[in-house]
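[1] Sequence plus predicted model, see below.
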Amino acid sequence: MRERQPCVYILASKRNGTLYIGVTSDLMGRVWEHKNDLVEGFTKKYGVHQLMYFEMLEDMASAIQREKELKKWNRDWKIQLIEKDNPEWRDLYDSLI
């Protein structure tokens, strides 16, 4: 069984494509659900399946707060955040497995 760790994550449809910000306590499981279109809504509709960025946080309250903060950011700031640690826009999901 995987250990649960609150985190916030950013998915993209492609490099500089459509972005989605979410929060979870099971990053690997949640991204797998997005990739397999098991999550109804935005990510399924727009094909947003690639994990570009994630931050692990102490508790779920902190993760939710960070998610709200990131959602208020403008697009350029979000892209800069991704490119700071992932300039190649690699899908980070494989690094979780």
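    Here it is on my side, so go on.
[2] quick one: the strands in the chain?
    Using DSSP state E, the strands of the chain run over 7-12, 19-24, 50-56.
[3] Restricting to C-alpha, output the last one in CSV.
    Provided in CSV are the C-alpha atoms of strand 50-56 (Å, rounded to 0.1, in the frame of the first residue of the first chain):
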residue,chain,number,x,y,z
GLN,A,50,0.7,14.9,-18.3
LEU,A,51,2.1,15.5,-14.8
MET,A,52,4.4,18.6,-15.2
TYR,A,53,4.8,19.7,-11.5
PHE,A,54,4.0,18.7,-8.0
GLU,A,55,4.7,19.9,-4.4
MET,A,56,4.5,17.7,-1.4
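[4] circling back: adding distance to Ile79, mean pLDDT and mean neighbour count, write the strands of the chain out as CSV.
    All C-beta spots, glycine's among them, are computed from the backbone N, C-alpha and C. Listed next are these as CSV, based on distance: least, CB to CB, whole Å; pLDDT from 0 to 100; neighbours: other CB atoms under 10 Å:
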stretch, distance to Ile79, mean pLDDT, mean neighbour count
strand 7-12, 9, 98, 24
strand 19-24, 8, 98, 20
strand 50-56, 9, 98, 20
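[5] Buried residues in stretch 80-97, which are they?
    The neighbour-count check on stretch 80-97 (16 or more other CB atoms under 10 Å) flags Leu81, Ile82, Asn86, Trp89, Asp91, Leu92, Tyr93 as buried.
[6] which one of those residues is nearest Asp37?
    Tyr93 (14.6 Å; CB to CB).
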